[in-house]
Structure formats: C-alpha cells, structure tokens
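**Q** Predicted model, plus sequence, below.
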Amino acid sequence: MVDSTTVRTLWRRLEPFHAFIYFAPEATSNYADLGLDGQDGYFASRSAAMGAVGAEVVIATFFNFKPKLVHDALPKAWTITTPEAVVAARFDAADKTLRRMLGDDVNHPDLAASATLARRAAQAGDPAGRAIFAAHAGLDWPEPAHLQLFHAITLLREHRGDAHVAALTLEGFDAVEALVTHLASGDIALPASLLQATRGWDDDEWEAGHERLREKGYLTRELTLTVEGRAARTRVEDLTDAASIGPWSALSAPEAAELRERSSPFTKIVAKAMFNR
C-alpha cells in the first residue's frame, strides 16, 4: 500500500503538470477570447466544472481568497460566457502549452505510461465531501496522453485540496491564518507580499490575521511559528495526507514509484518552462 509520506511526495512531484495552467499565456489568451480578463479567467476556469456557480460557492471551496475578489469575478463571468466554453478553453490551452513545453516528448511512451497510472489513481477517488474533485471527475476524459495526465493530476490535486480545506477548517484556521501559517512553516517559497496580493487581502486584514495567530499562541512577533503553531500546522498537513491516500490505493507501492520515475522528466521540463518562457 502507498503510505501518506509517499502521497505527499507524489503531490509535490506531480504538481507542476497541473499548476502550469495558471501561468500559461495560452490560457490567458483563450480566456480573453471569451471575454474574461485577469483573475476573472482564473476563478471561472477553476470553477467551471461545477457549472455556473456564484461567488459564495467559490469562496467556500477555494477558501483563501478575499470574498470581494471572488465577487468581482462571479457570477459576472457567466453573463459573458458559459462554463462549457471555459472548460473547453482550459483543455485547449493545456494542449497548446504542453505541446510547446514538451516538444517531441509529448508523444514519449513514458508520458503515456504515466497517464495510464495516474488515471487509474484519479478514477479511484471518492467524491464524497470533495466538491471541486467531484466536479472535475464528472468531465469527459480527453484523448491525447498528455491531456489525460494533465486531467488525472488535476483530479488528484483537487482531491487533496478539498481535504486540505476540511483540515484547515477543523483546525480553526480562517483564510488569512491559513496563508500566514503556510508561509511561516517554510513549506512555500513565495514572498508574503505576492501571496497576500494575489489573494486580495489588504495590509490591515493581513496584519489582523497575524494578530489573531499571536493571540492563539501560534505566531511570534518575528512571524515564525511557535511550538504550538507548528504543531497545529503539522496536524493540518498530516490530516491532509491521511485523507488523500484513497485514490492511491488503486496503485501498488511499486506502481506509485514507477509513476514518479516515469513522469519526473516531464514534470521537470514543465516546472522549468513555467517561469522561463
């Protein structure tokens, strides 16, 4: 059986093969062609599988964005275009981007083998209690192997993400507290200013989150986690790992290792290309 440590490792290793869609100019262009600019494209494209949902559904499921940022995008996007058109635009952008990044490797047999393994895991995921995963699991599978791998990793990532939101909620973290403790844990290599800005929180709201964490005894004045804060964050990550094992039960430990090994060259190419285009 695949254990929780392996599940976390696989998530980190495979993530670039999903995350590129948020940085690809092909995606930005496709959404703009539909009339969606800036973050409107992000909120619409990630939520489109759920249908023409309003801001409150996205606030609940995406978790860490300032509500006003979401309200500015939705439901306005659905007066401009349709969820079906956005889903198609996202897959088209993924196809174009992966062909650009991978070149001839888009047809490599190891990529096809990776897609087969990842798809088997993704299809074993239980949608109960996982809204974003369930919505994407209801989409038709694309045909080319590179898009199957993209879709499978998207499913596995959203399955984990839904569990992570539940773990954060159970631990009593709000959106800003979740972001600040994530930064303070050292698990994310992004400037705090960038994470704050892209999630829409102003300086007063960000500092208020710091203060709430200090009152809980979780954060120091130097913005590092206390022993209690690190323990709380560890509980969140451990619960997330445990709740994310389900889909991977479809693979044996050797098959999970095979997926990591076969997919590694492609995820590295994509990770490098994301920021060096």
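**A** Thanks, I have it.

**Q** secondary structure class for the nearest residue to D33 once chain neighbours are set aside?
**A** In space, and not counting its chain neighbours, D33 is closest to A89: 7.3 Å by Cβ to Cβ, 6 or more residues apart in numbering. Quick note: C-beta positions are derived from backbone N, CA and C, even for glycine. Under the three-state scheme (DSSP: H, G, I helix; E, B strand; the rest coil), the conformation of A89 reads as helix.

**Q** Same check on the one 5 residues further on?
**A** Of the three states, A94 takes helix under three-state DSSP.

**Q** what number of residues lie near it?
**A** 26 (other Cβ atoms under 10 Å).

**Q** Just list the residues touching the nearest residue in space to it that is not next to it in sequence, thanks.
**A** Here the nearest residue to A94 in space, its sequence neighbours aside, is F150; by Cβ to Cβ, 6+ apart that works out to 4.9 Å. F150 makes contacts with 17-18, 21, 94, 98, 142, as judged by Cβ atoms under 8 Å, 6 or more residues apart in numbering.

**Q** Can you lay out those as JSON lines showing pLDDT and secondary structure?
**A** JSON lines is the format used below for the contacts of F150 (pLDDT from 0 to 100; DSSP: H, G, I helix; E, B strand; the rest coil):
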{"residue": "F17", "pLDDT": "97", "secondary structure": "helix"}
{"residue": "H18", "pLDDT": "97", "secondary structure": "helix"}
{"residue": "I21", "pLDDT": "97", "secondary structure": "helix"}
{"residue": "A94", "pLDDT": "98", "secondary structure": "helix"}
{"residue": "L98", "pLDDT": "98", "secondary structure": "helix"}
{"residue": "P142", "pLDDT": "97", "secondary structure": "coil"}
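
**Q** what's the neighbour count on the residue nearest to D33?
**A** Here the count is done by other Cβ under 10 Å, and A89 has 24 residues near it.

**Q** right, and it touches Y31 too?
**A** Yes. Counting by Cβ atoms under 8 Å, A89 touches Y31, with 6.1 Å between them.

**Q** Residues in contact with both of those two, list them for me.
**A** Common contact partners of A89 and Y31 (Cβ under 8 Å, 6+ apart): S45.

**Q** I'd like to know which of the contacts of F150 is nearest to L194.
**A** For the contacts of F150, the residue nearest L194 by Cβ to Cβ is I21; the value is 18.5 Å.
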